[in-house]
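In: got a structure for you, letters missing:
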């Protein structure tokens with residue numbers, strides 16, 4: 001995979017910047033990095049993939065993994081204990097019965113999650129972009145083998161800010177990240193609302209339709225009868241938001257947390273159940289959040305910890321606006337597009353025990369963040385690897401795996417011969 005192809009994905013991510021008066025200049029050149037104590041090596045014996053964006057394992061499986069290709073295939077990797085593993089196409093999502101996958105810019109095959117009972121029911125869930133009659137949509141679907149059942153198919157006004165990650169939580173419900181609809185400056189005015197559509201949020205839905213769950217409120221994007229809403233979701237029966245009255249029948253009760261611009265990769269920490277999400281910034285800051293039930297993370301009144309100017313004629317923050325602070329942020333002079341990661345649970349690098357590892361797609365900084373006794377988080381750069389699009393866990397040993405879209409490979413961390421940064 002050539003670097004310029006992968007950088008096209010980044011430039012799509014920066015399209016919002018190009019639309020704002022504050023950011024007509026080209027992206028800043030990152031300052032030089034000091035020697036790093038860690039580097040990267042190929043994890044799958046030289047196997048290459050077409051624009052890989054995630055590496056995923058199925059529950060209980062340790063002898064095979066799945067690599068999600070933005071261009072439309074899910075690749076199954078087997079023989080992991082051999083010097084050269086093998087790969088084969090597990091699923092092809094390019095041509096769909098009602099349309100065709102769109103893999104341009106920030107679109108494509110974006111997320112994959114296996115049902116907790118996959119070994120018995122064979123069900124998995126995907127998030128992908130498709131053109132239906134020439135119009136762009138973002139879709140979440142269930143697959144039973146080769147049989148597809150769409151759950152949510154939402155008309156998309158722009159190709160960027162799609163979110164697209166999927167994970168089952170420890171509660172057995174499916175969590176989904178969705179962006180603000182695209183454009184710059186929250187162009188479609190979705191970020192501050194919970195009663196418009198599936199935007200700027202992390203969703204939580206019940207794909208098993210448990211007896212105590214509720215039907216979703218009507219919406220053109222909903223495929224009726226395909227999922228339900230957990231009764232304890234935070235906005236069920238909500239009558240107001242940001243100080244404004246709402247009709248409960250119009251609220252998107254699927255929302256678990258709101259005010260998120262474009263969460264590109266999130267994940268649960270199994271020992272604690274905590275949910276970490278990386279939210280891509282617009283002008284000045286990238287941020288990582290701890291997601292809590294009913295949390296409001298501030299977009300589009302705020303970017304990171306800082307007030308965001310929506311421009312003339314746009315609403316000011318309401319008096320009751322109290323967003324949750326990110327656990328850490330970094331300026332866009334040192335990174336442009338944060339890729340969410342995982343809390344380290346392996347044994348190869350004990351110095352990272354309980355640290356949250358993530359990366360910056362554009363500038364290549366790989367970051368370790370640690371929570372201190374006072375509840376504050378500190379982070380440092382530990383390695384350099386541009387174009388990381390996803391971070392998964394090797395089920396064999398708990399070590400982290402990194403998809404590199406520029407190289408078309410799955411990487412893993414190793415110790416470098418250079419001295420660590422201090």
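Out: Here it is on my side, so go on. Predicted model only: the values in this text are computed from it and were never measured.
In: burial count for the nearest residue to residue 222 once chain neighbours are set aside?
Out: Once flanking residues are discounted, residue 222 sits nearest to residue 216: 5.4 Å by C-beta to C-beta, 6 or more residues apart in numbering. Where C-beta positions appear, they are placed from N, C-alpha and C, glycine not excepted. By the criterion of other C-beta atoms under 10 Å, residue 216 has 22 neighbours.
In: go on, residue 329?
Out: 22.
In: roughly how far apart are it and residue 383?
Out: Distance, residue 329 to residue 383, using C-beta to C-beta, to the nearest Å: 20 Å.
In: Distance of residue 73 relative to residue 53?
Out: Taking C-beta to C-beta, one finds residue 73 at 11 Å from residue 53.
In: on that earlier part again, quick one, grab the pLDDT at the residue nearest to residue 222.
Out: pLDDT, residue 216: 98.
In: which residues does it contact?
Out: 205, 222, 227-229, 253-254 (C-beta atoms under 8 Å, 6 or more residues apart in numbering).
In: For stretch 355-371, which residues meet the burial criterion?
Out: 355-369, 371 (16 or more other C-beta atoms under 10 Å).
In: Look up the closest residue to residue 252, ignoring the ones flanking it.
Out: In space, residue 252 is closest to residue 194, 5.7 Å off (C-beta to C-beta, 6+ apart).
In: Test my guess that that neighbour contacts residue 241.
Out: Yes. Using C-beta atoms under 8 Å, residue 194 is in contact with residue 241, at 5.3 Å.
In: Who has more neighbours out of these two?
Out: residue 194 (24 against 19).
In: Please determine how far residue 369 is located from residue 82.
Out: 35 Å.
In: ugh, wrong one, I meant residue 387
Out: Distance from residue 387 to residue 82, by C-beta to C-beta: 27 Å.
In: what's the answer for residue 194, then?
Out: 49 Å.
In: sorry, back to before: so for residue 73 and residue 53, which residues contact both of them?
Out: Joint contacts of residue 73 and residue 53 (C-beta under 8 Å, 6+ apart) are residue 109.
In: what sits against residue 182?
Out: Applying C-beta under 8 Å, 6+ apart, the residues contacting residue 182 are 15-16, 156-162, 188.
In: rewinding a little: any shared contact partners between residue 194 and residue 241?
Out: Joint contacts of residue 194 and residue 241 (C-beta under 8 Å, 6+ apart) are 235, 251.
In: buried stuff in stretch 111-122?
Out: Buried, per 16+ other C-beta under 10 Å, within stretch 111-122: 111-116, 118.
In: I meant to write stretch 314-332 there.
Out: 317, 323-324, 326-330, 332.
In: now do stretch 170-179
Out: Neighbour-count burial for stretch 170-179 [16+ other C-beta under 10 Å]: 173-179.
In: again with stretch 368-381
Out: Quick answer for stretch 368-381 (16+ other C-beta under 10 Å): 368-369, 371, 377, 379, 381.
In: from the residues you listed, which ones fall inside helices?
Out: Judged by DSSP state H, the subset of these located in helices is empty.
In: Neighbours of residue 205, how many?
Out: 25.
In: Revised request: answer the last question for residue 403.
Out: Neighbour number of residue 403 under other C-beta under 10 Å is 27.
In: pLDDT (mean, whole number) over the strand or helix carrying it?
Out: With secondary structure defined by DSSP states H and E, residue 403 is part of strand 400-404. Here strand 400-404 scores 98 as its mean pLDDT.
In: Is it correct that residue 94 is in contact with residue 100?
Out: Yes. Between residue 94 and residue 100 there is a contact at 6.8 Å, judged by C-beta under 8 Å.
In: Please tabulate the buried residues of stretch 368-381 in CSV and include pLDDT as additional columns.
Out: Shown next, in CSV, are the buried residues of stretch 368-381 (pLDDT from 0 to 100):
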residue, pLDDT
368, 98
369, 98
371, 97
377, 97
379, 95
381, 96
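In: now, which of those residues lie within strands?
Out: 368-369, 371, 377, 379, 381 (DSSP state E).
In: Check the buried residues of stretch 170-179 against residue 346 and report the nearest one.
Out: Nearest to residue 346 out of the buried residues of stretch 170-179 is residue 175 (C-beta to C-beta; 23.5 Å).
In: would you list every one of the helices in this structure?
Out: 3-13, 15-18, 118-121.
In: so what's the closest residue in space to residue 360 that isn't next to it in sequence up against?
Out: Leaving aside its sequence neighbours, residue 360 sits nearest to residue 335 (C-beta to C-beta, 6+ apart; 3.5 Å). If you count contacts by C-beta under 8 Å, 6+ apart, residue 335 has them with 30, 286, 360, 362-363, 365.
In: if we can go back for a sec, compare the mean pLDDT across the helices of the chain and name the weakest.
Out: Among the helices of the chain, helix 15-18 scores lowest, at a mean of 34.
In: what residue is smack in the middle of this protein?
Out: Geometric centre of the chain, nearest residue: residue 265, 2.3 Å, by C-alpha atoms, centre = their mean.
In: Without its sequence neighbours, what residue ends up closest to that one?
Out: residue 340 (3.2 Å).
In: bridging residues for residue 263?
Out: Going by DSSP bridges, residue 263 is paired in beta bridges with residue 279.
In: is it true that it touches residue 163?
Out: Yes. The pair residue 263 / residue 163 is scored as a contact, 5.3 Å apart, by C-beta under 8 Å.
In: Please say which of these two ends up with more neighbours.
Out: Between residue 263 and residue 163, residue 163 has the larger neighbour count (other C-beta under 10 Å), namely 31 against 27.
In: which residues does that one contact?
Out: 110, 127, 176-179, 260, 262-264.
In: What of residue 305?
Out: Contacts of residue 305 (C-beta under 8 Å, 6+ apart): 285, 287, 325-326, 329.
In: Tell me, how many residues neighbour residue 132?
Out: So residue 132, with other C-beta under 10 Å, has 15 neighbours.
In: Test my guess that it contacts residue 97.
Out: No. With contact defined as C-beta under 8 Å, residue 132 and residue 97 do not form a contacting pair (10.2 Å).
In: if we can go back for a sec, could you tell me which residues touch both of residue 263 and residue 163?
Out: With C-beta under 8 Å, 6+ apart as the test, residue 263 and residue 163 both reach 177, 179.
In: if we can go back for a sec, what I need now is the contacts of residue 216 written out in JSON lines, including pLDDT for each item.
Out: Converted to JSON lines, the contacts of residue 216 look like this (pLDDT from 0 to 100):
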{"residue": "205", "pLDDT": "99"}
{"residue": "222", "pLDDT": "98"}
{"residue": "227", "pLDDT": "99"}
{"residue": "228", "pLDDT": "99"}
{"residue": "229", "pLDDT": "98"}
{"residue": "253", "pLDDT": "98"}
{"residue": "254", "pLDDT": "99"}
